[in-house]
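Undergrad: Can you look at this prediction? I've put the sequence above it.
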Amino acid sequence: MSNQSDRWDMAIKIAESPTAFSPDIEAVRDIIHRYCYFIDSQKSEKLRTIFSDDVELNYPTYHEHYKGIDEVLAIYKKQASKPYFLETLAHRMSNELVSIVEGGHEAFATAYYFGNVVQTSGELRLFAGLYTFHMRKLNEQWKIVDYKIDRQWDGVAGTANPRGPGHELPFDGKLLKKN
């Protein structure tokens, strides 16, 4: 396809078409779940197992585009290392629509996401949007070759104690264990 917008429109159209159950559809869903798990558990190097070497990330909400596995992984590592960013992160994917095309070696999927982040300051942020994935079967393994994250909303929900009872966040935002 000539432009990326056309490709994403096609992905949504394909994902909305009815598709019978298949092991490949479940394998694609498993890749989506692994993606969330690796990000939420801050295991960004594990993303290498589900990304192609030339993976592309499109993040139109922030006018960002990253190309190549090293560039994409650097973004996740950077986000996790910001002093204010993460204490905990959790994605929840739902309404996954998957279509297998191109003789069973290409897939498109969409999934809504809802997530929360407890920043090291104790601030609780909620966010939601839509992921669109394009995957290919490479050496009999499904890999994400490009994907788009459309964040449709986010906001501050208040404060949270990210470590549960017995821990507190002092004013300077450093996590301390109560003695």
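TA: Noted; the coordinates are in hand. Please read these numbers as outputs of a predicted model, since none were measured by experiment.
Undergrad: which residues of the protein fall in helices?
TA: 4-16, 23-40, 69-81 (DSSP state H).
Undergrad: Break down this structure into its strands, ranges please.
TA: Under the criterion DSSP state E, the chain contains strands at 51-59, 64-67, 88-101, 106-118, 123-138, 141-159, 167-168, 176-177.
Undergrad: Including mean pLDDT, could those go into CSV?
TA: Below are the strands of the chain laid out as CSV (pLDDT from 0 to 100):
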stretch, mean pLDDT
strand 51-59, 95
strand 64-67, 94
strand 88-101, 87
strand 106-118, 90
strand 123-138, 91
strand 141-159, 88
strand 167-168, 48
strand 176-177, 40
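Undergrad: Which of those sits closest to residue 78?
TA: Closest approach to residue 78 among those is made by strand 64-67 (10.9 Å; CB to CB). For glycine as for every other residue, the C-beta is placed from the backbone atoms N, C-alpha and C.
Undergrad: Mind listing residues that contact stretch 54-70?
TA: 4, 47-48, 51-53, 72, 75, 129, 143-151 (CB atoms under 8 Å, 6 or more residues apart in numbering).
Undergrad: Stretch 88-95 too?
TA: Under the criterion CB under 8 Å, 6+ apart, residues 32-33, 36, 39-40, 42, 110-118, 131, 162 lie in contact with stretch 88-95.
Undergrad: Go through the strands of the chain and pick out the most buried.
TA: Highest mean neighbour count of those: strand 106-118, a mean of 20 (counted as mean count of other CB atoms under 10 Å).
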